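A.B. asks: From the sequence below, what's the structure:
(chains A and B)
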Amino acid sequence: MSAPTPAVRFTNVSRHFGEVRAVDGVNLTIQDGEFFSMLGPSGSGKTTCLRMIAGFDQPSAGAIELYGQEVTRRPPYERDVNTVFQDYALFPHMSVGENIGYGLMIKKIPRAERERSIQEMLELVRLPGLASRRPAQLSGGQRQRVALARALINHPRVLLLDEPLGALDLKLRQEMQVELKAIQQRVGITFVFVTHDQEEALTMSDRIAVFNHGRIEQVGTPAEIYESPATTFVAGFVGISNVVSGAAAQALTGQAATFTVRPEKIHLREPGAATAPEEYAADGQIRDVVYLGMNTRYLVALDCGADLTVVEQNLRTTSMEVRAARGRRVRLAWERAHSRTLAESV
Amino acid sequence: MAPRPASAPPPGLIDRVSTVFYTRPRLLLLVLLAPPLAWLGVVYLGSLFALLVQSFYAIDEFTGRVVREFTLRTYAQLLEPANVDIFARTTAMAAAVTLAAALLAFPLAYYIARFARGRQKAMLYLAVILPLWSSYIVRVYAWKSILAREGIISWLLAKLGLSGVLDAVLGLPGIGGPSLSTSALGMFLVFLYIWLPYMILPIQAALERVPASLLEASGDLGARPAQTFWTIILPLAFPGVVAGSIFTFSLTLGDFIIPSIVGNSSYFIGMAVLRHQGTAGNIPLAAAMTVVPILIMGVYLLVARRLGAFDAL
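C.D. replies: The predicted model follows:
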């Protein structure tokens, strides 16, 4: 059986703005029906990649395919993709209904059919009855939904989302994360989602590409990215992590290679406590304690020189006990399998 | 209240005045708005009202004196064929100038708003505004010599062997004449040149406020560039076009200098007003004629509102 045609394929794609290499030799395959996130700090090239899929920007080198068809130089209006913009880009002189129906109006779909689709879309994004409003009369969350409906009504093969939740407050953002994922599963369209928020990417995605300096550092499922970061950059950008290198690494693991271990994988024990053979262990002193309600974060200065962050759930402890922990001597232990050797990032 | 440090000086007059205004913002507003409101109310609206009153008087045919009694006789005079001709000619010219200015201004305004950056943008602004720095009269006279029979345009066309084309255009009824500088076409060109900046700037300001993402969104949703122009760019820039057209239209309606320097000396509203209030001493008729462009502008704005010109504001 041959592999199915990918929804999006980048082959050695670069985009240079003068001297700046915004995207630098990216190879990427996004599967049909996937919720795919491009994660990275600002200026890492993720948005430029999205804009090249949409056709707003053209690569300086390389090729882009959509469902097996090369589209590298095709204008946006000849591509079967739609975009949800960061600023929503709703047309201020049109009603919500006209905004949503814009793509169908351009395709000269008869009015009655158009109205029906608009109603369906308003139901899908849970905004029934708002068709005659102007975008200016809507809240941020409602505008976001209109932008989504305006893109989805065209049944694109790929939906591109450019940090669509960035302007919403935390609670609304979390609601929309769940809802977006649900909508994606209902309509079965490939979603390509650009974000700088690692939690958002971990929550929603089937797979994530982590971008840095115009290159992809790692592609994988959320669990792979989180549990097995490939490079120091990924380890540092996704989640809180301890990155240990040099002499301290040598002292802890017997190897000088840089490694990482997630804070929640480390056990906090009494000094001198027994260590299992499959564990690494080290002694140190608690230097700082941050009580976070659900968890407590400890910063432990190890005798070998490294500082490790440890997170423990507050199963029984109270904030009073937690505060008293500062300055205590402890032994840290974690399973060898949870140490990951890292490649240096560029 | 915290005690003042011993070294701090007692509050001076400026401090006390500042406090008075800070605690009473309405008083500050009143002080700031009184002069402009007085100017607008008394000098501007007052003289407009005086004008309106004058237009309801009439002149005594025998004595040549203004009779200060309410009458509609002066307005009836406006309907004489000679006067109707003047209004029609002026309105047609204003409409033609406005339309041509909009067509000419839009691409340049679009370029300035969308593509020009930094130094280039500054230079383009300067190029648009620079003509306004020199005297209007000087520029009109400059155009008169450019358009003259011995002027550079005739000379250039002769060199190119295209004198026949110029003669053919000048032979057209209505817009032609003995030379460009004595034709309606020449007058149109001068009006267009003089008022063009007033059309470019408002359109550019309107386009400046259209985010680039709207155009991308339109293309993303399947619209070709031409469709994006008609459905997104033009409706959003329309308030700017209307603002510009209010300038070009009303300025052309009221101007009396260009028609008296360039063209075939047929009358325009401004020239007629000048003659009636000056040489003829018929203030009521001059006043009534001045009311006409105001009415035309009123109708124009109503039509513009009907077309949705102010919806996107």
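A.B. asks: Next to chain B, which bits of the stretch 101-250 of chain A? Give me the list.
C.D. replies: With Cβ under 8 Å from any Cβ of the partner chain as the criterion, the stretch 101-250 of chain A meets chain B at residues A:102, A:103, A:106, A:107, A:150, A:151, A:154. Bear in mind the C-beta positions are built from the backbone N, C-alpha and C, glycine included.
A.B. asks: Pull out the buried members of the residues you listed.
C.D. replies: Among these, those buried by neighbour count (16 or more other Cβ atoms under 10 Å in any protein chain shown) are A:102, A:103, A:106, A:150, A:151, A:154.
A.B. asks: What are the phi and psi values at the third one?
C.D. replies: In terms of degrees, to the nearest 10, the main-chain angles of residue A:106 are phi -60, psi -40.
A.B. asks: Mind checking which of the residues of the stretch 101-250 of chain A next to chain B are in helices?
C.D. replies: Of those, the ones assigned to helices by DSSP state H are A:102, A:103, A:106, A:150, A:151.
A.B. asks: biggest separation within these, which pair?
C.D. replies: The distance between the two most remote of those (Cβ to Cβ) is 13.3 Å, for A:106 and A:151.
A.B. asks: Mind listing the shared neighbours of those two?
C.D. replies: Common contact partners of residue A:106 and residue A:151 (Cβ atoms under 8 Å, 6 or more residues apart in numbering or on different chains): residue B:221.
A.B. asks: what's the closest non-adjacent residue to the residue nearest the centre of chain B?
C.D. replies: Computing the C-alpha centroid of chain B and ranking residues by Cα atoms, centre = their mean puts residue B:247 first, at 2.2 Å. Closest residue to residue B:247 apart from its sequence neighbours, by Cβ to Cβ, 6 or more residues apart in numbering or on different chains: residue B:198 at 3.8 Å.
A.B. asks: what's the distance between that neighbour and chain A?
C.D. replies: To chain A, residue B:198 is 24 Å away according to Cβ to the nearest Cβ, to the nearest Å.
A.B. asks: likewise residue B:44?
C.D. replies: As judged by Cβ to the nearest Cβ, residue B:44 and chain A stand 33 Å apart.
A.B. asks: Quick one: residues contacting that residue.
C.D. replies: Residue B:44 neighbours (Cβ under 8 Å, 6+ apart): none.
A.B. asks: just to revisit the earlier point, redo the ones in helices among the residues of the stretch 101-250 of chain A next to chain B as CSV? Include pLDDT.
C.D. replies: What follows is those, written out as CSV (pLDDT from 0 to 100):
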residue, pLDDT
A:102, 96
A:103, 96
A:106, 95
A:150, 96
A:151, 95
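A.B. asks: Let's have these in JSON lines, adding distance to residue A:73.
C.D. replies: JSON lines is the format used below for those (distance: Cβ to Cβ, whole Å):
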{"residue": "A:102", "distance to residue A:73": "25"}
{"residue": "A:103", "distance to residue A:73": "22"}
{"residue": "A:106", "distance to residue A:73": "22"}
{"residue": "A:150", "distance to residue A:73": "26"}
{"residue": "A:151", "distance to residue A:73": "23"}
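A.B. asks: what's around the closest residue to chain A within the stretch 51-200 of chain B, how many residues?
C.D. replies: Nearest to chain A in the stretch 51-200 of chain B, going by Cβ to the nearest Cβ, is residue B:117, at a distance of 13.6 Å. For residue B:117, the neighbour count with other Cβ atoms under 10 Å in any protein chain shown is 8.
A.B. asks: What is the burial count for residue 245?
C.D. replies: With no chain named, the answer covers chain A. Neighbourhood size, residue A:245 [other Cβ under 10 Å]: 16.
A.B. asks: ah, I was thinking of chain B
C.D. replies: 26.
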